[in-house]
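Student: Show me how the following folds:
(chains A, B, C and D, ligands or ions: 5)
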Amino acid sequence: MKMDREKEEKRYKSGLLRSLWPYNFNVERYTYTLHRITGVILILYLIAHVFEIYHLALGPAAWQQTMALLGSLGIWEKIGLWIIAGSALYHGANGLRLILNEAFGILLGKPVLPEYPYTPTSLSRNQKIAIYVIVLIVEALWIWAGIYLLWGLGII
Amino acid sequence: MKVRIRRFDGQKEWWQDYEIDAKPSDTVLDILNRIREKHDHTLAFRQSCQMGSCGSCGMVINGLPALACQTRIGELKTESIRLEPLYNYKVIKDLVVDLTDFVNKHRSVKPWMIRKNPEELEEASMEFQVTPDQNLTFVQFDYCIMCGVCLAACPTVAIDPLFLGPQALGQAYRYIADPRDEGFEERIEVLDDSHGVWRCHFAGACSYVCPKGVDPAKAIQYLKKEILKYRLLHKKKASVKPAELVQKAPPANAPKPPPFDFKIEGGE
Amino acid sequence: MPSKYSLLKESWNMILMYALALIMVFVLTFHLLLVSPLTGKTFEQVLNYSYVLHNLTYYRIVFGLLLYAAVIHGLNGLRVVLIEWLHVKRFQWIINTIIVILMAVLLAVGTYTLIAI
Amino acid sequence: MRKDIGMETLDYDVAIVGTGLAGLRTAIEILRRDKGKLGLRVAVISKIYLMRSHSVSAEGGTSAVLYPEEGDSFELMAWDTIKGSDFLADQDAVWRFVHIATQEIRLIERWGVPWNRRDDGRIEQRWFGGLSFPRATYAQDKTGFFEMRALYDTLLKYENWDRFDENFVTSIVIENNEFKGFTAIDLKTGNFRYFRAKAGVIATGGAGQLYRITSMAASSTGDGFGLAYNAGLPLKDMEFVQFHPTGLVPRGILITEAARGEGAYLVNKDGERFMKRYAPSKMELAPRDIVSRAIMKEIMEGRGVYDDKSGLYHVWLDMRHLGKERIEERLPFIREIGLKYLGIDIVNQPLPIRPTVHYNMGGIHVDIDGKVLNASGSPVKGLWAAGEAACVSIHGSNRLGSNGTNDCLVYGYIVGNDVYNYIEKERPASPNLSQNILLGEEDRIFGKILGKESGGEDVYQIKDELKDTMEKYVHVYRTGSDLEKAVIKIKELKERYKYIKLSDKSRTFNYNLEHALELGFMLDQAEVIARGALLRTESRGAHARLDYPNRDDANWLKHTIALKGAEGPLFSYIPVKITMWKPVARVY
Ligand SMILES: Cc1cc2nc3c(=O)[nH]c(=O)nc-3n(C[C@H](O)[C@H](O)[C@H](O)COP(=O)(O)OP(=O)(O)OC[C@H]3O[C@@H](n4cnc5c(N)ncnc54)[C@H](O)[C@@H]3O)c2cc1C
Ligand code: HEM
Ligand code: SF4
Ligand code: F3S
Ligand code: FES
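Tutor: Numbering: from 1, shown residues only, chains lettered A, B, ... in the order given. Ligands and ions are numbered 1, 2, ... in the order given. Modelled structure (predicted):
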């Protein structure tokens, strides 16, 4: 009981947790959390990636060294890359949906007279379908990428 | 029925349990009133209209922000109820939160009719003529009862207290969409800011919890579209002009009151 | 109250975000395809020095585009996350400055790589 | 002054208490006229958040003459209002009122109200009870809400005012027939405040909370009446309490008259449209008092339906024949209420309804400009009242549906102008006041009520009993013996009120204290209402006595005036101003 209460306390105070914890809310809020996390993962990776590729310009030896360094991470390198691949897939697909929503006003529905019980058109079936399609595609590609990365099965 | 309420008295916070008997048709507000009247006079919560149109009674019910007077026990389908003050606000006492910021944010987006010629808002011999279809473009957003529930759900508000929030942005769009308004440029001055409309990333939680179907998420995305259109293509929303009053003679068969018994003097 | 410290209106930042994102949909897909199983290579093979070098020199323009798009879009995104999280208006310029410096460094390193190879 | 209590004095030119339609409209009018000329500073005070005032619940419509070319006219509207009032209205006030209403409708249209429109873009109007022309302008069935929004939003535009949300006004300070300010508690901090102002406006709305089944908000406790009464100012016509015919069983949530305006039927147990027996020509669209009585008659004569959940009798309001499309366009809120609170969809089921408390025709005694009058009938310097809290009287003994919101708008306009003229012309100085009065008031609240340790009476218990008493004895139909019982019971409750003890002793948001103060006001009003009703031995408008079933123009064509005396209210009477039509029999 006491544990529970302390946990509540924490959830109550922390803005970051409250922001990224979509439990109980709508699907779109989950996509928001994921989009944000994947975005940050990607940019952090990109910073490293740019320096990684920089070694290409220093010649094969430097490149081999970097590869060896990464290789020493063992399975974690693969897992890391797998997560990054997943992030890129999800972030890209969901980003495309966001652009349609935000910049072009697509999938929102026209302004209507709200009818009780209210179902907002911006979170309506079309939106949900778009999200599920994205999740499905991303999921499929991601599993594929996982098979490729983790088990080294390159050939289709 | 067990009711757990998150209480706060200015210094300490605690959960308090009450045992109340309730019918499925009771609203959460009924339960709260019963607690205050019969069990614990010190419990503080806001209420006014009791019919879901004033926006006083926003609180978090079983983890979801909602209006207490509009949530029936039967709908909750749980054995116990957990009540907390609205998230993302400063709590003053028990279920009462500080709305000062909320109100100021709303005011900062200039939520009033703006005309190029302000005189048009001062006299009114004739109404603006707005067709039912034009009406439909903004009435939905005018449903907002300013309950502040949407801000409790918005993940951006949770980390960024400076963010204007779905209510204010929705109201800004309500006026921008209104064909009678001409304040677009003036308003986006405020909206297009580093803590303005772009801090919304379409989490949609605001629309999900909004008790009046205002759909602020929709308003905000349309607002973004309008701003982009304005920046890139210099397009603005069209507005209507006030019409002239035409006086016509009444029809012959008009209903008539009985003749005056006295002569009236003056009048307006 | 427009912020004193944002040189550009926020909408231009977002226009940039959206535009670069749209570009990236193509170039990033292309990039991922080059390291994907569709190449018929194993994972070790796609990281081979000569293969990577060949790709980078052959599609230099595309990768240049990707570098610029991703760095600007990504860092701008990071800036967004940071100004929301830290949300102190007075410190915004610090965040902006750090982001701009980081952007300059990354673009310099990346551009150098692309030219030098 | 005790150390632990902070007392602030706040200086303003105008202080407005109550921010319903009337209060907001007054504030806007003053600021609008001023435009920085005199730099008037206005304090807007409300015991809840400004935009949460009860006016947001108004549903059906707002009357005004918009289409003379289609047969409407000012004379007709005046006649409808006066006939509806059972000839107790002051006719000069009505005449002025109908003329200003038109401009108000168009003005708030420009400020943003989304009126329902005709196809050509002009404002649409609909039928309402007691009208001879469909002149109720409406915005779906949330008229009051949209009006409140437009006014609140417009008020935000102005600079020279300060908002005091959640400040509970506890007394009006009047010295030498001159208004000196309001005292208030800031609920947030518990601080005692003195609003020192040159002019004050009371717009605190009605007192629906006196009853159990009520359509009015929890905040409608009629504090304005109590404030004026305690300040020694007269209340007028308080015994006329309007019962709206169609309140949703069991809570009393309002089903707007517009439902009948759109064509809904009232049906009894046997499925009969019983209104044909009571108002054959107008049927369901008769004025509210008549329909309310008809429903109660049906119930009393055994043709009501019994609801076993709440133990109440009711009749049906049938809207099934209107069709879904029309309901969605014009009555969406009613549908929502049915679904939300009873799970009934009006598209295919009738609603259970019975009369519910709705409006106070009476109020603070004011003249045609909204100036508050004192016991001798001359204006108090610097004090106005508007809206439901004031009684001019336009509504006489029965208000017509859709005449409440425009009363607020029109009197907001009139009072705003009058206040401005007063300050512009007379340039009054900021009042000064002996500290003793303030200390006394502070001690009454924080010492005698909050600080009291003895006594064991419970505020909520007394409130409960008061509501039951009013519901049982001072309802639609009244009799002498019932009213006597009510008077005795209220006296007893007043006695017990002296021994209340609060269990919440904190300063921040002490709702216990607020409710205790409200209860004090409510007990006073209940007494005035019950005693006034007992004295008025006739039936007129909303006041229907079973033992005196007829209107008695010879003896009772006059307004009741109630003043606070040492032993309960003292009553006197003043004549009705009749300038156009002599009273005739009222048939529909
Ligand atoms: C359910 C319902 C539906 C209605 N529908 C219609 C309709 O369709 N058409 C129509 O014409 N009329 C209608 N009416 C009547 C109309 O709404 C009211 O007469 C009108 O809104 C009253 O407005 P007001 O400004 O006088 O007061 P209110 O809106 O009641 O405002 C009272 C204000 O006073 C403040 N206040 C009270 N006491 C204190 C205190 N002690 N200290 C500080 N502040 C205080 C409150 O906070 C509040 O802000 C309806 C009424 C009800 C109940
Ligand atoms: C196909 C490619 C991509 C698309 C379509 C895309 C789309 C988007 C969009 C539309 C946003 C704005 C979201 C919003 O504010 O509502 C965004 C944010 C962001 N993007 Fe991307 N993006 C892509 C690739 C990348 C890459 C490669 C990175 C990293 C280097 C990245 C990092 C970010 C970050 C950090 C944010 C901010 C996250 C937030 O505000 O929640 N994106 N992206
Ligand atoms: S948008 Fe909805 S949730 Fe937000 S304040 Fe308005 S009514 Fe409440
Ligand atoms: S929840 Fe917040 S992020 Fe946007 S869509 Fe609503 S404002
Ligand atoms: S009490 Fe008014 S919205 Fe709940």
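Student: neighbours of residue 40, just the number please.
Tutor: All of this refers to chain A. Counted with other Cβ atoms under 10 Å in any protein chain shown, the neighbours of A:Val40 add up to 17. Yep, even glycine has a C-beta here, placed from its N, CA and C like the rest.
Student: if you could check chain C rather than the one you did, that'd help
Tutor: The number of residues near C:Gly40, taken as other Cβ under 10 Å, comes to 11.
Student: The closest residue to ligand 1 within the stretch 151-300 of chain D: what secondary structure?
Tutor: Nearest residue of the stretch 151-300 of chain D to ligand 1: D:Gly205, at 2.2 Å (Cβ to the nearest ligand atom). Secondary structure state of D:Gly205, per DSSP: H, G, I helix; E, B strand; the rest coil, is coil.
Student: Report pLDDT for it.
Tutor: Model confidence at D:Gly205, given as pLDDT, is 91.
Student: repeat for A:Thr121
Tutor: 88.
Student: Spit out the contact partners of it.
Tutor: A:Leu108, A:Gly109, A:Lys110, A:Val112, B:Asp215, B:Lys218 (Cβ atoms under 8 Å, 6 or more residues apart in numbering or on different chains).
Student: Wait, a helix at the fourth one?
Tutor: Put plainly, it is A:Val112. No - going by three-state DSSP, the assignment for A:Val112 is coil, not a helix.
Student: isn't it right next to B:Val139, touching?
Tutor: No - look at A:Val112 against B:Val139 with Cβ atoms under 8 Å: they stay out of range, at 9.1 Å.
Student: What's the separation between D:Met256 and chain B?
Tutor: Actually, residue D:256 is Thr. It isn't Met. D:Thr256 sits 12 Å away from chain B, going by Cβ to the nearest Cβ, to the nearest Å.
Student: before we move on, which element is that residue in?
Tutor: Assessed by DSSP states H and E, D:Thr256 sits outside every helix and strand.
Student: Longest helix in chain D, please.
Tutor: helix D:511-535 (DSSP state H).
Student: ok, now chain A?
Tutor: helix A:75-104.
Student: for the closest residue to D:Glu8 other than its chain neighbours, what are its contacts?
Tutor: With sequence-adjacent residues excluded and distances taken as Cβ to Cβ, 6 or more residues apart in numbering or on different chains, D:Glu8 is closest to D:Arg193, at 5.0 Å. Residues counted as contacts of D:Arg193 (Cβ under 8 Å, 6+ apart) are D:Met7, D:Glu8, D:Thr9, D:Leu10, D:Phe164, D:Asn167, D:Thr183, D:Ala184, D:Ile185, D:Asp186.
Student: tell me the secondary structure for the closest residue to the first one other than its chain neighbours?
Tutor: Spelled out, that is D:Met7. In this structure, D:Met7 finds its nearest non-sequential neighbour in D:Phe192, 4.8 Å apart by Cβ to Cβ, 6+ apart. Under the three-state scheme (three-state DSSP), D:Phe192 adopts strand.
Student: Next, the contact list for D:Phe192, please.
Tutor: D:Ile5, D:Gly6, D:Met7, D:Glu8, D:Thr183, D:Ala184, D:Ile185, D:Asp186, D:Leu438, D:Glu442, D:Ile445, D:Phe446.
Student: do the helix or strand of chain C with the lowest mean pLDDT and chain A meet at all?
Tutor: The helix or strand of chain C with the poorest confidence is helix C:43-46; it has a mean of 82 (mean pLDDT, DSSP states H and E). Yes - against chain A, helix C:43-46 shows contacts by Cβ under 8 Å from any Cβ of the partner chain at C:Phe43, C:Glu44, C:Gln45.
Student: Put the buried members of these into a PyMOL selection.
Tutor: To isolate the buried members of the residues of helix C:43-46 next to chain A in PyMOL, using 16 or more other Cβ atoms under 10 Å in any protein chain shown:
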select buried, chain C and resi 43
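Student: could the residues of helix C:43-46 next to chain A go into JSON lines alongside distance to B:Leu228?
Tutor: Supplementary listing: the residues of helix C:43-46 next to chain A in JSON lines, determined by distance: Cβ to Cβ, whole Å:
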{"residue": "C:Phe43", "distance to B:Leu228": "41"}
{"residue": "C:Glu44", "distance to B:Leu228": "45"}
{"residue": "C:Gln45", "distance to B:Leu228": "44"}
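Student: which of the residues of helix C:43-46 next to chain A lies closest to D:Asn555?
Tutor: Within these, proximity to D:Asn555 (Cβ to Cβ) peaks at C:Phe43, which comes in at 104.1 Å.
Student: Let me know whether the closest one touches A:Tyr148 as I believe.
Tutor: Yes - with contact defined as Cβ under 8 Å, C:Phe43 and A:Tyr148 form a contacting pair (6.5 Å).
Student: got the contact list for A:Leu44?
Tutor: Contacts of A:Leu44 by Cβ under 8 Å, 6+ apart: none found.
Student: Just give me the residue closest to the centre of the chain.
Tutor: By default, I'm working from chain A. Computing the C-alpha centroid of chain A and ranking residues by Cα atoms, centre = their mean puts A:Thr38 first, at 3.6 Å.
Student: Oops, wrong one, chain D.
Tutor: Short answer for chain D (Cα atoms, centre = their mean): D:Gly206, at 3.0 Å.
Student: how far away is it from D:Asn230?
Tutor: As judged by Cβ to Cβ, to the nearest Å, D:Gly206 and D:Asn230 stand 18 Å apart.
Student: ok, back up a step: wait, a strand at the residue nearest to the centre of chain A?
Tutor: No - counting by three-state DSSP, A:Thr38 falls outside a strand, being helix.
Student: gap between it and B:His201?
Tutor: 13 Å.
Student: same check, this time on B:Ile176
Tutor: Relative to B:His201, and taking Cβ to Cβ, B:Ile176 is found at 20 Å.
Student: Which one of those two is surrounded by more residues?
Tutor: B:Ile176 (25 against 20).
Student: Find the nearest non-adjacent residue to the more buried one, please.
Tutor: Looking at B:Ile176 with Cβ to Cβ, 6+ apart, the closest residue is B:Phe184, at 5.5 Å.
Student: related to what we said a few turns ago, and the longest helix of chain A, anywhere near chain C?
Tutor: Yes - judged by Cβ under 8 Å from any Cβ, helix A:75-104 and chain C are in contact via A:Lys78, A:Ala85, A:Ala88, A:Gly92, A:Gly95, A:Leu96, A:Ile99, A:Glu102, A:Ala103.
Student: Write down the beta-bridge partners of D:Ala562, one by one.
Tutor: D:Leu235, D:Phe571 (DSSP bridges).
Student: And D:Glu178, by the same measure?
Tutor: Beta-bridge partners of D:Glu178, as defined by DSSP bridges: D:Glu175, D:Lys381.
Student: Just give me the neighbour total for it.
Tutor: Neighbours of D:Glu178 (other Cβ under 10 Å): 13.
Student: Please list all residues in contact with it.
Tutor: Here D:Glu178 is in contact with D:Val380, D:Lys381, D:Gly382, D:Pro431 (Cβ under 8 Å, 6+ apart).
Student: Taking those together, which two end up most distant?
Tutor: D:Val380 and D:Pro431 (12.5 Å).
Student: quick one: which of the two has more around it?
Tutor: D:Val380 (23 against 17).
Student: Distance-wise, check the spatially closest residue to B:Lys256 that is not a sequence neighbour relative to B:Pro257.
Tutor: The spatially closest residue to B:Lys256, leaving aside those adjacent along the chain, is D:Leu76, at 7.0 Å (Cβ to Cβ, 6+ apart). Per Cβ to Cβ, D:Leu76 is found 5 Å from B:Pro257.
Student: what sits in contact with each of those two?
Tutor: In contact with both D:Leu76 and B:Pro257: D:Ser132, using Cβ under 8 Å, 6+ apart.
Student: who's more crowded, the two?
Tutor: D:Leu76 (21 against 18).
Student: Let's verify that one: helix, strand, or coil?
Tutor: Quick answer, by three-state DSSP: D:Leu76 is helix.
Student: Run through the residues that contact it.
Tutor: B:Pro255, B:Lys256, B:Pro257, D:Val65, D:Ser132, D:Phe133.
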